[in-house]
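In: my questions are about this predicted structure, shown below with the sequence.
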Amino acid sequence: MKDFIIIGHDNPDVDSILSGILLDRLMKKKGYSSSFIIPDKNIESDTLDVLNYLGIDASSFQSSIPEDNVNYILVDHHDRVLPRMPYMIIDHHPDNKFVTDNEFYINSFSSSTSCIIGKMFENLLDRDDIILILVSALVDTASFHSKKTNPEDTIWLFSKCREFSINIDDYYKLGLCLTDLSDSNAMFHGLKKYHYKDKFFESSYIQIQDVHNSHEFINNALLKLMDYVKQNNLYLFAFIVHDMDFFSSFVFTVYSNYLTYKRYDSYISRGNNVVPSIHQAIDEENIIKIKRK
Ligand SMILES: [Mn+2]
């Protein structure tokens, strides 16, 4: 039988890596020959911090993708450039519009890919497996505060933690993924670049506690971002500040010579809230332009 090669997404995050390691461990327990591989050369420092806390050395998984005589399994995403179609896909982004005839395509509303995998192999799970599942779910859901949290997964995980005497508090803060503001590049944390119609925009986010004592950092960041927008000819820059004490979010929309902000009562998602509203603003602007012609 062919070997199974498990691969996460580009620029891998914690869930992408831990669910790959988890699936590899569980498949080996089942007697399959498998390996988890990280083809990426760079892994973000936040992600490495979490892995280090768990005693996992990411570099031991970094390697190029083998091409011959293997079946690929993708975790936490569905699109990666591969020599062949993947054998199986396990994802938890059911909003995406991806359609496939792959008979082993799983994509369900779940707190993390690791939760889906854990439930698939429930009777094989040991204490270390549960810790992998817990940590990736905590990181993917901002410690169960984001809207991406599936309450059933949370209940399931809590009962597993009780069963294996795992103290959730030991990992809770890890899931908050607090941004290190002493890092001179902190304002570009999680930078993403977008192109919509004829506009280019970018966004970043920080996750902090004690927001009111961080006003100096935020002020400086906004001033620098204004220059950045000008220098890079951007339409705008969306700087998101997640308040990890109250699980609310501020979105600062920075233009070249002014800015606006909006406060949300919940921890918002960049992909589900911020980017769609920017698209909408661009669309609306285009409508106005058409009318004026
Ligand atoms: Mn994930």
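Out: That came in fine, so what should we check first?
In: in contact with Ser108, which residues?
Out: 92, 94, 116 (Cβ atoms under 8 Å, 6 or more residues apart in numbering). Glycine gets a C-beta too; all of them are placed from N, C-alpha and C.
In: quick check: the residue of the stretch 101-250 of the chain nearest the ion.
Out: Closest to the ion within the stretch 101-250 of the chain is Asp140: 4.6 Å, counting by Cβ to the ion.
In: what's the local residue count around that residue?
Out: Using other Cβ atoms under 10 Å, Asp140 has 28 neighbouring residues.
In: please report phi then psi for it.
Out: Main-chain torsions, Asp140, degrees, to the nearest 10: phi -70, psi -20.
In: related to what we said a few turns ago, which of the contacts of Ser108 count as buried?
Out: By neighbour count, with 16 or more other Cβ atoms under 10 Å, the contacts of Ser108 hold 92, 116 as buried.
In: name the element Glu285 belongs to?
Out: helix 275-292 (DSSP states H and E).
In: who's Ile106 bridged to?
Out: Under DSSP bridges, the beta-bridge partners of Ile106 are Ile90.
In: these two touch, right, it and Ile116?
Out: Yes - counting by Cβ atoms under 8 Å, Ile106 does reach Ile116; the two are 6.2 Å apart.
In: any shared contact partners between the two?
Out: By Cβ under 8 Å, 6+ apart, the residues touching both Ile106 and Ile116 are Ile90.
In: near the ion, which residues of the stretch 151-293 of the chain show up?
Out: For the stretch 151-293 of the chain, no residue is in contact with the ion (Cβ under 5 Å from the ion).
In: how about the strands of the stretch 151-293 of the chain, start to end?
Out: Using DSSP state E, counting those that start in this stretch, the strands found in the stretch 151-293 of the chain span residues 192-196, 199-208, 236-243, 248-254, 259-264.
In: make TSV out of these and add mean pLDDT and mean neighbour count.
Out: Formatted as TSV, the strands of the stretch 151-293 of the chain follow (pLDDT from 0 to 100; neighbours: other Cβ atoms under 10 Å):
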stretch	mean pLDDT	mean neighbour count
strand 192-196	95	13
strand 199-208	96	20
strand 236-243	97	23
strand 248-254	97	20
strand 259-264	96	13
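In: okay if I get the ones you listed as TSV plus distance to Lys41?
Out: Supplementary listing: the strands of the stretch 151-293 of the chain in TSV, determined by distance: least, Cβ to Cβ, whole Å:
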stretch	distance to Lys41
strand 192-196	19
strand 199-208	22
strand 236-243	27
strand 248-254	31
strand 259-264	35
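In: can you check which of these gets nearest to Gly175?
Out: Smallest distance to Gly175 across the strands of the stretch 151-293 of the chain (Cβ to Cβ): 10.2 Å, for strand 199-208.
In: before I go, just wanted to say thanks for your time.
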